[in-house]
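Q: Got a predicted structure here, sequence first:
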Amino acid sequence: MRMTVCLKWLDRAGSNSEQTLFFEAMRALRWQRPQDARLFPYVLMRELKHSIWMWLERAPAKDATQFRTPDSLSLVQPDELEETVRSDKA
């Protein structure tokens, strides 16, 4: 299939110089492909980290009162828990 597409592109070329440019570009892409394949996971992770940091910077800041320490945790009764969950959803 790739060869068919390449041949169609070559047929559309207006001159030998355009065909030569096409072949040189294809050769450069083939030569660059292994390096791109090696770098892709690193570039992807870098961009994901950047996106996450940007999202975190735009997220609203939380109060210090919203964070719980182990000393401030306690057991609650099921009814109280249901009310808390219900009020958090509202």
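A: Nice, thanks for sending it over.
Q: Which elements pack onto the longest helix seen in the chain?
A: Among the elements of the chain assigned as helix by DSSP state H, the one spanning the most residues is helix 16-58. Where contact means 3 or more CB pairs under 8 Å, 6 or more residues apart in numbering; DSSP states H and E, helix 16-58 is packed against helix 2-12. For the C-beta atoms, the positions are set from N, CA and C on the backbone; glycine is no exception.
Q: any low-confidence regions in this structure?
A: 1-7, 60-73, 76, 81, 85-90 (pLDDT under 70).
Q: Repeat the analysis, applying 50 as the threshold.
A: 1 (pLDDT under 50).
Q: quick one: which helix or strand includes Ser74?
A: Using DSSP states H and E, Ser74 sits in no helix or strand.
Q: ok, it to Glu82 distance?
A: 16 Å (CB to CB, to the nearest Å).
Q: Compare those two (neighbour count), which wins?
A: The residue with more neighbours, out of Ser74 and Glu82, is Glu82; 11 against 6, by other CB atoms under 10 Å.
Q: tally of neighbours for Arg12?
A: 10.
Q: before we move on, what about Gln19?
A: 15.
Q: Enumerate every residue touching it.
A: Leu10, Ala13 (CB atoms under 8 Å, 6 or more residues apart in numbering).
Q: now swap in Ala13 and tell me
A: Ala13 neighbours (CB under 8 Å, 6+ apart): Gln19, Phe22.
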